[in-house]
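Novice: Below is the sequence, then the predicted model.
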Amino acid sequence: MPTIIPKLKILDISATIGCNLSCKGCNHFSNYFAPGSKLDTDKLIQDIHTILPRIDVERVSVIGGEPLLNPRCRDILHACLEHKETVYLYTNGILLNEENRKWIEEDLEKYPGMSLRVSVHTPEVIDNINKVNSSKVIITEHHDGKDRWFNSIKHSNGKVYPYGHNNIKQSFEMCSCPNTQLYNGKLWKCPNAAFLKELLYVTEQLEDDCWKPFLGDGLPVDCSDEDLVKFCDNSSKPEQICNMCTAKPLKFSAALQINNHKKIITTQ
């Protein structure tokens, strides 16, 4: 254990990367990953127990995709709550059925630092939210048509491309999700870094030269203390990988759903 525990502001932990929505501009590329996508939940829980004791993080977020697509979402949440007090469970609300509401309400009551955060993209879920018997529900409304989302990278005719604006400081400052990700046994600077290979698999661009400068690797959760400190220090700074993302966002409504070609992604 290092003398000074490295710090992160937010750590996002994906319970799945698949989603039952297809929101334009999704900053986790979940609009390209089919709802049937799966990850190795046992391995993820092991990774959580490995990394969380090693870092001082202000908030852990259990996210997706849509995390409630994973039938073991509660196990993942509990693994996080073993180590950290402030844990958010994110959902788009579609799967806030009676069964899921029951265990979520139980955990919201049991764990003081837990909150449920619902990103509303379709107004139909409002009824589901109103049925959650807790004051610890945070609602972010995206169905009102306001222009707040943007594509971090270029999307054209089923393919994707880096922006390459060569202003990494501004790209980092404009980033819609500058949060460290835990995915597939590794820490990643942001969701674009974490899920880029999966995105390029869907769009059949893994061999495209334009993406080779950005196809780096994450940091294994069992890395050295020195490497972990360096990673966490750099997490809040612009780095060259930020050049894939726009420095000049063109915003649109987050309620927009698009008909992307999707594939099932699995790490099992």
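Specialist: Everything's here; your move.

Novice: where do the strands sit along the stretch 151-268 of the chain?
Specialist: Using DSSP state E, counting those that start in this stretch, the strands of the stretch 151-268 of the chain run over 154-156, 159-161, 180-183, 186-188, 219-220, 251-253.

Novice: any idea how far residue 93 lies from residue 193?
Specialist: 28 Å (C-beta to C-beta, to the nearest Å). Where C-beta positions appear, they are placed from N, C-alpha and C, glycine not excepted.

Novice: Surely residue 73 touches residue 14?
Specialist: No - using C-beta atoms under 8 Å as the test, residue 73 is too far from residue 14 to be in contact (10.7 Å).

Novice: residues contacting residue 201?
Specialist: 263, 265 (C-beta atoms under 8 Å, 6 or more residues apart in numbering).

Novice: which stretches of this structure have low pLDDT?
Specialist: 1-3, 268 (pLDDT under 70).

Novice: show me where it has helices.
Specialist: Using DSSP state H, the helices found in the chain span residues 41-51, 73-81, 98-110, 126-130, 168-174, 191-202, 225-234.

Novice: the inter-axis angle of the second one versus helix 41-51?
Specialist: Read it as helix 73-81. Angle, helix 73-81 to helix 41-51, by axes from the mean of the first three to the mean of the last three C-alpha atoms, to 10 degrees: 10 degrees.

Novice: Contacts made by helix 73-81 with the rest, please.
Specialist: By C-beta under 8 Å, 6+ apart, the surrounding residues in contact with helix 73-81 are 13, 15, 41, 44-45, 48-49, 52, 60, 62, 67, 70, 87, 89, 103, 107, 111, 113-114.

Novice: same check, this time on the longest one
Specialist: Under the contact criterion C-beta under 8 Å, 6+ apart, helix 98-110 has outside partners 68, 74, 77-78, 81, 89, 96, 114-116, 128, 131-134, 136.

Novice: Please indicate which of the residues you listed are buried?
Specialist: 68, 74, 77-78, 81, 89, 96, 114-116, 128, 132, 136 (16 or more other C-beta atoms under 10 Å).

Novice: ok, those vs residue 263, which is closest?
Specialist: For the buried ones among the contacts of helix 98-110, the closest approach to residue 263 (C-beta to C-beta) belongs to residue 68, at 20.8 Å.

Novice: for the closest residue to the closest one other than its chain neighbours, phi and psi?
Specialist: Nearest residue to residue 68, sequence neighbours excluded (C-beta to C-beta, 6 or more residues apart in numbering): residue 95, at 3.9 Å. Per-residue torsions, residue 95: phi -100, psi 20 (degrees, to the nearest 10).

Novice: I'd guessed residue 95 sits against residue 16; true?
Specialist: No - applying C-beta under 8 Å, one finds residue 95 not in contact with residue 16, separated by 11.3 Å.

Novice: These two: who's more crowded?
Specialist: The residue with more neighbours, out of residue 95 and residue 16, is residue 16; 27 against 17, by other C-beta atoms under 10 Å.

Novice: got a list of what that one touches?
Specialist: When contacts are counted by C-beta under 8 Å, 6+ apart, residue 16 touches 37, 38, 39, 64, 65, 66, 67, 69, 70.

Novice: Format those as TSV; extra columns: neighbour count and distance to residue 254.
Specialist: Rendered in TSV, the data for the contacts of residue 16 read as follows (neighbours: other C-beta atoms under 10 Å; distance: C-beta to C-beta, whole Å):
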residue	neighbour count	distance to residue 254
37	24	21
38	15	26
39	21	25
64	27	15
65	29	15
66	24	15
67	24	18
69	21	19
70	22	23
